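Chemist: Quick one: sequence plus predicted model below, questions after.
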Amino acid sequence: MSIQPAKQPNTHQVLVSVGTDTHKFIFTTEVNQVGEHLLQTTRGDRTFSEVFRFNQRVAMNVTTQVVKYYNRETVELPADVGVFVTPETALSKQKQFENSGLADTDSQQSKAVDREIRQKAIAIVEKLPESVLDEAVKFLESLYVKGDRVE
């Protein structure tokens, strides 16, 4: 891996060797003020995202090196940024999603638990002081929206 400044401001040309292939990517760094803080964002171009879509840890390591370079921190190049795996290998290492009793909303047991939890939640909300009720309702609504997306 190597990093060089590119023609445009706040951009870097990054060369990465994957096996016997060499890839050239352009990274862009933006610094924006958010409130009282500066937020620095560094991202690779579309080709970078496509090449490393199944190798997110390697992509993160490459990006970390570019961030260090941009921030004028010590970067020893060439750098080893990890092991690149094929899409097949990456997919084979993923854990399969297993349906659990928690995700099964049709079971009677789940409905009984829902009723019990609902009653406990109502009792807790009824004990809250008036000053925090609006915030509590907003929080509960956000949980409902998240739960609704799971179904």
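Modeler: Ah, there it is. Numbering: from 1, shown residues only.

Chemist: what's the distance between the most centrally placed residue in the chain and Val66?
Modeler: Residue closest to the average C-alpha location in the chain (Cα atoms, centre = their mean): Gln56, at 9.9 Å. Using Cβ to Cβ, to the nearest Å, Gln56 is found at 15 Å from Val66. In short, each C-beta sits where N, CA and C put it, glycine included.

Chemist: In this structure, mark out all the helices, start to finish.
Modeler: Along the chain, counting by DSSP state H, helices occupy 46-51, 56-70, 87-92, 108-127, 133-150.

Chemist: export those helices to TSV and tack on mean pLDDT and distance to Ala6?
Modeler: Shown next, in TSV, are the helices of the chain (pLDDT from 0 to 100; distance: least, Cβ to Cβ, whole Å):
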stretch	mean pLDDT	distance to Ala6
helix 46-51	93	13
helix 56-70	92	11
helix 87-92	77	29
helix 108-127	71	54
helix 133-150	60	40
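
Chemist: what about those, which gets the closest to Val16?
Modeler: In terms of Cβ to Cβ, the element of those nearest to Val16 is helix 56-70, at 6.2 Å.

Chemist: what's that closest one in contact with?
Modeler: With Cβ atoms under 8 Å, 6 or more residues apart in numbering as the test, helix 56-70 has contacts from 1, 3, 10, 12, 14, 16, 27, 29, 40, 42-44, 48-49, 52, 74-75, 77, 79, 81-84.

Chemist: Stretch 14-25 too?
Modeler: The contact list for stretch 14-25, computed with Cβ under 8 Å, 6+ apart, reads 1-4, 13, 26-27, 44-45, 47-48, 51, 62, 66, 78, 81, 84.

Chemist: Among those residues, name the ones in strands.
Modeler: Those of the contacts of stretch 14-25 mapping onto strands are 2-4, 13, 26-27, 44, per DSSP state E.

Chemist: what's around Gln13, how many residues?
Modeler: By the measure other Cβ atoms under 10 Å, the count of residues near Gln13 is 14.
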